[in-house]
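# Quick check, what structure comes out for this input:
(chains A and B)
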Protein chains: 2
Amino acid sequence: MSLIVVGSMAFDDIETPFGKSNKIVGGAATYIAWCATNFSPVKQVSVVGGDFPQEELDALAQRGVSLEGVQIKKDEKSFFWSGRYHLDMNTRETLVTELNVLGNFQPVIPESYQDCEFLMLGNLAPSVQLSVIEQLKKRPKLIAMDTMNFWMDIAMEDLEKLLAKVDVLLVNDGEARQLSGQYSLVKAAAAISKMGPKYLIIKKGEHGALLFHGSQVFFAPALPLEEVFDPTGAGDTFAGGFIGHLARTKDISFENMKTAIIVGSVMASFCVEKFGTDRLREIKKRDIDERIREFVSLVNFDISLV
Amino acid sequence: MSLIVVGSMAFDDIETPFGKSNKIVGGAATYIAWCATNFSPVKQVSVVGGDFPQEELDALAQRGVSLEGVQIKKDEKSFFWSGRYHLDMNTRETLVTELNVLGNFQPVIPESYQDCEFLMLGNLAPSVQLSVIEQLKKRPKLIAMDTMNFWMDIAMEDLEKLLAKVDVLLVNDGEARQLSGQYSLVKAAAAISKMGPKYLIIKKGEHGALLFHGSQVFFAPALPLEEVFDPTGAGDTFAGGFIGHLARTKDISFENMKTAIIVGSVMASFCVEKFGTDRLREIKKRDIDERIREFVSLVNFDISLV
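Sure, this is the predicted structure:
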């Protein structure tokens, strides 16, 4: 049940058609950890500045997140991102990005993390993600990674090296198209599998997610919601649910990955209901179970009638 | 097993990133009929000009389409539409629309159609769709209708009268938003159900389709395809599969409508593989069965693992 999560812990300032968040705690690894701890303890690898709230670190620790791999740079500032969403929540506008501590982040993997079986590399510079893999003495059972178009633009060589070493890549549809040079997602999946990852998850926001493995494909919808309040972190939460379920069950078969995708989609459907990680902090196992049942009724049909 | 299909039979000239069709047979009722006859005989209601190919009419008749309700205006021209698709096949550009015979179409329901249990109103002026309902002496067991944003712009009053009389409305996501004034599709569905239809199907093209009924919701994905060659008629084909399955099984429960949505999605996945109705003319029952199995594996997951 050992899961390492690598990624940013940060401040976000978010504007949606429904309101403004002001400066709140965010970052890929924050969302992944809040989500994945529903299923498995987490060993966190990240970096924050002296401005990062101690209460947030305490809350994560209480939830089963080991913070030994989180560097605190007392005299520096945490990563800051500010963005704006319009009515179509599938696209967003970045207003401000301040790298701060993330600018020269060199992750150090503590000895106590070395036995990990599952590794989730949240979106970061590919060279940073790569250095985590290189520090592990034994290759984890499963390495999953997220990335973004920015790294395809400026660090494609590093990204290619990294892709050759991972099992699962999670990207959105636009990123899959950019990475592969293919518009059709089926063709994109075939092209990306040649770069290394045996499993590809293409996230389509409110349109759900696809899992490709060889010639197999699985689709999980997003839960139709009355209101998507704030989509920030939905992709990271999805990744947290996916890797959390795998770490809990220790089963990396395609069949179980399908279930893990559903768990990811379920968790993302909570994330978007409030600003930041607010909703993820509230939910209990019974909420998750209830929503999994909603997903079953959303997609199940009677084949005997056909 | 009696199903009336109302709609255009026409010529289309289609341009996609993959080629140009030249002038080919199209029209909502043509697609619906080619599709629905896999499941049920069809009683067609339409109008064509003297230029409409007799071979097409013969082919439809041979397939089990009654043409008694299809008016042939020898001295006039058939409806003509020309359009262009770009790489994102979810949107299209209309280049030419020539109403021709459709301009003053007054459908006449033959006596032999009067016993019909299922009525599928393809996209036409709401007043024309309404006149079909008014000509039926006995209300069919189920009335389904398609419409488009154009009628919301210019004939909203007629459309509202019509909506109050139908059971199922099929529209795309943009149309559902325009009709309801709601961006959230869940809220749009609630608003539209107050206008009359107890069942609402929102088609999202390559992103699948949603079925709403009261507080129940079901989602069917579109099959991920290597290439969408020509999306023209996919929505009509979807409607044909949906109503065809219901007419075959005579079961209008929500459970069976879910299966009907899958059948619609399966049929639409064939439609887009070639220009016009070409692919629909080729497929056999075994092709349909095989693809239904693909849909099952696309969405089925093991809940016991969660």
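# and A:Ile201, what does it touch?
A:Ile201 is in contact with A:168-171, A:209-212, A:242, A:261, counting by CB atoms under 8 Å, 6 or more residues apart in numbering or on different chains. From N, CA and C alone the C-beta is placed, and that goes for glycine too.
# Filter those down to just the ones in helices.
Counting by DSSP state H, these place A:242, A:261 in helices.
# can you redo the contacts of A:Ile201 as TSV with neighbour count, pLDDT and distance to chain B?
Output for the contacts of A:Ile201, formatted as TSV (neighbours: other CB atoms under 10 Å in any protein chain shown; pLDDT from 0 to 100; distance: CB to the nearest CB, whole Å):
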residue	neighbour count	pLDDT	distance to chain B
A:Val168	25	98	17
A:Leu169	28	98	17
A:Leu170	30	98	17
A:Val171	26	97	15
A:Ala209	25	97	11
A:Leu210	23	98	6
A:Leu211	23	98	10
A:Phe212	24	98	8
A:Phe242	32	98	13
A:Ile261	24	97	8
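# Tabulate the contacts of A:Ile201 in a markdown table, adding columns for distance to B:Ile292.
Compiled in a markdown table, those are given as follows (distance: CB to CB, whole Å):
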| residue | distance to B:Ile292 |
| --- | --- |
| A:Val168 | 29 |
| A:Leu169 | 30 |
| A:Leu170 | 29 |
| A:Val171 | 30 |
| A:Ala209 | 22 |
| A:Leu210 | 19 |
| A:Leu211 | 20 |
| A:Phe212 | 21 |
| A:Phe242 | 28 |
| A:Ile261 | 22 |
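# Check what pLDDT the spatially most central residue of chain A gets.
Centroid-nearest residue in chain A, with CA atoms, centre = their mean: A:Asp236, separated by 2.6 Å. We have a pLDDT of 98 for A:Asp236.
# does it sit in a helix, a strand or a coil?
Secondary structure state of A:Asp236, per DSSP: H, G, I helix; E, B strand; the rest coil, is helix.
# Correct me if wrong: it contacts A:Asp146.
Yes: the pair A:Asp236 and A:Asp146 qualifies as a contact (CB atoms under 8 Å) at a distance of 7.2 Å.
# Next, show the common contact partners of the two.
Shared contacts of A:Asp236 and A:Asp146, defined by CB under 8 Å, 6+ apart, are found at A:7, A:28, A:122-123.
# what's the closest non-adjacent residue to the residue nearest to the centre of chain A?
A:Tyr31 (3.7 Å; CB to CB, 6 or more residues apart in numbering or on different chains).
# how would you label the one you found: helix, strand or coil?
Secondary structure, three-state DSSP: A:Tyr31 is helix.
# Quick check: pLDDT value at it.
98.
# And for it, the neighbour number?
31 (other CB atoms under 10 Å in any protein chain shown).
# now the strands for chain A?
With strands called from DSSP state E, chain A shows them at A:3-6, A:10-16, A:19-26, A:42-49, A:65-73, A:79-85, A:92-98, A:118-121, A:142-146, A:168-172, A:199-203, A:209-213, A:216-220.
# wait, A:Ile143 sits on A:Leu162?
No: with contacts counted by CB under 8 Å, A:Ile143 stays clear of A:Leu162, the gap being 9.5 Å.
# So between the two, which is more surrounded?
Shown here are A:Ile143 and A:Leu162; by other CB under 10 Å, A:Leu162 has more neighbours (28 against 23).
# How about the contacts made by the more buried one?
Counting by CB under 8 Å, 6+ apart, A:Leu162 has contacts A:126, A:129-130, A:133, A:145.
# Among those residues, which ones are in helices?
Filtering the contacts of A:Leu162 for helices - DSSP H - leaves A:126, A:129-130, A:133.
# Reformat these as TSV; add neighbour count.
Formatted as TSV, the ones in helices among the contacts of A:Leu162 follow (neighbours: other CB atoms under 10 Å in any protein chain shown):
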residue	neighbour count
A:Pro126	23
A:Gln129	27
A:Leu130	19
A:Ile133	19
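# Adding distance to A:Gly103 and pLDDT, write those residues out as a markdown table.
Shown next, in a markdown table, are these (distance: CB to CB, whole Å; pLDDT from 0 to 100):
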| residue | distance to A:Gly103 | pLDDT |
| --- | --- | --- |
| A:Pro126 | 15 | 98 |
| A:Gln129 | 16 | 98 |
| A:Leu130 | 17 | 98 |
| A:Ile133 | 21 | 98 |
